[in-house]
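[1] how would this look folded up:
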Amino acid sequence: MHPKEERTVVIVKPDGVKRGLVGEIISRLERRGLKVIALEMFSATKDQMHDHYPKADQWITRIGEKTLANYKQYNWDAKKELGTDDPKEIGTMVRGWLLDYMTSGPLVKMIVKGVHAVDMVRKIAGQTMPALSEMGTIRGDFSVDAATAANRDKRAVHNIVHASETPEEAEHEIQFWFAPEEIHDYKRAEEDIMF
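    Residues are numbered from 1 along each chain as shown. Got it, this is the predicted structure:
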């Protein structure tokens, strides 16, 4: 596949929708030369979100380890705060908060296509933790949330958008969230000039 044919999934999360950032997010993607080839507002069910996010022990444990590292960085006692210091138990807890968050309001899902779309979208989105994201990114410009605040409140980090991490994850998410007839490919007017 040619790099300009790469596709990825972007989901504007409930905080992004409720704050009226959908247009801004799409504008940033399109100004970069990427194109939106599928777009829909919807409300996800817990079952859908359960199937969207990985369920593998390795992924859940990794989330727990990140949470524990965050507690250690700020000299907080995870066992005292969360009732456990087991990474898998903490990861399961955080995953549950994520499902609650993603079903707390409407979402906007889209497929974005273009040169190295997965990496490009993640660059535009910024780091997962908004407090660490560079200014000029979606998360860096529109969110100040951090894992420390979210963990203390026993909720997911409000970070505005989801963006597929790898081309393989993107293809899985495209098949999960979109029917073939919902995808509309086209040629942007400036494609011949840009690449």
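
[2] please, where are all the strands along the chain?
    7-12, 35-42, 107-113, 161-163 (DSSP state E).

[3] for those, which one sits closest to Lys154?
    Closest to Lys154 of the strands of the chain is strand 161-163 (Cβ to Cβ; 20.6 Å). (C-beta placed from N, C-alpha, C; glycine too.)

[4] show me what the closest one is packed up against.
    On a contact count with 3 or more Cβ pairs under 8 Å, 6 or more residues apart in numbering; DSSP states H and E, strand 161-163 meets strand 7-12, helix 117-125.

[5] re the thing from before, single out the most deeply packed of the strands of the chain.
    Most buried of the strands of the chain, by mean neighbour count (mean count of other Cβ atoms under 10 Å): strand 7-12, with a mean of 25.

[6] angle of that strand against strand 107-113?
    Taking axes from the mean of the first three to the mean of the last three Cα atoms, to 10 degrees, strand 7-12 and strand 107-113 form an angle of 160 degrees between their directions.

[7] could we number from 518 for the rest of this?
    Noted, 518 is the first residue going forward, which turns the last one into strand 524-529.

[8] tell me the strands beside strand 524-529, with direction?
    strand 624-630 (antiparallel), strand 678-680 (antiparallel) (DSSP bridges).

[9] outline the domain layout of the chain.
    518-560+622-698, 572-621 (automatic domain parsing).

[10] deepest-packed of those domains, please.
    When the domains of the chain are scored by mean count of other Cβ under 10 Å, the highest mean neighbour count falls to domain 518-560+622-698 (a mean of 18).

[11] avg pLDDT for it?
    Domain 518-560+622-698 comes out with an average pLDDT of 96.

[12] leaving out chain neighbours, which residue sits closest to the most centrally placed residue in the chain?
    For the chain, His679 is the residue whose C-alpha lies nearest the centre (Cα atoms, centre = their mean; 1.5 Å). Distance criterion Cβ to Cβ, 6 or more residues apart in numbering; nearest residue to His679, sequence neighbours excluded, is Ile528 at 4.1 Å.

[13] likewise Glu547?
    Val553 (6.9 Å).

[14] same check, this time on Gly657
    That would be Ser650: by Cβ to Cβ, 6+ apart, it lies 3.6 Å from Gly657.

[15] ok, Ala687 next?
    Ser681 (3.7 Å).

[16] so which of the strands of the chain is nearest Glu707?
    Of the strands of the chain, nearest to Glu707 by Cβ to Cβ is strand 552-559, at 10.2 Å.

[17] many thanks, have a good one.
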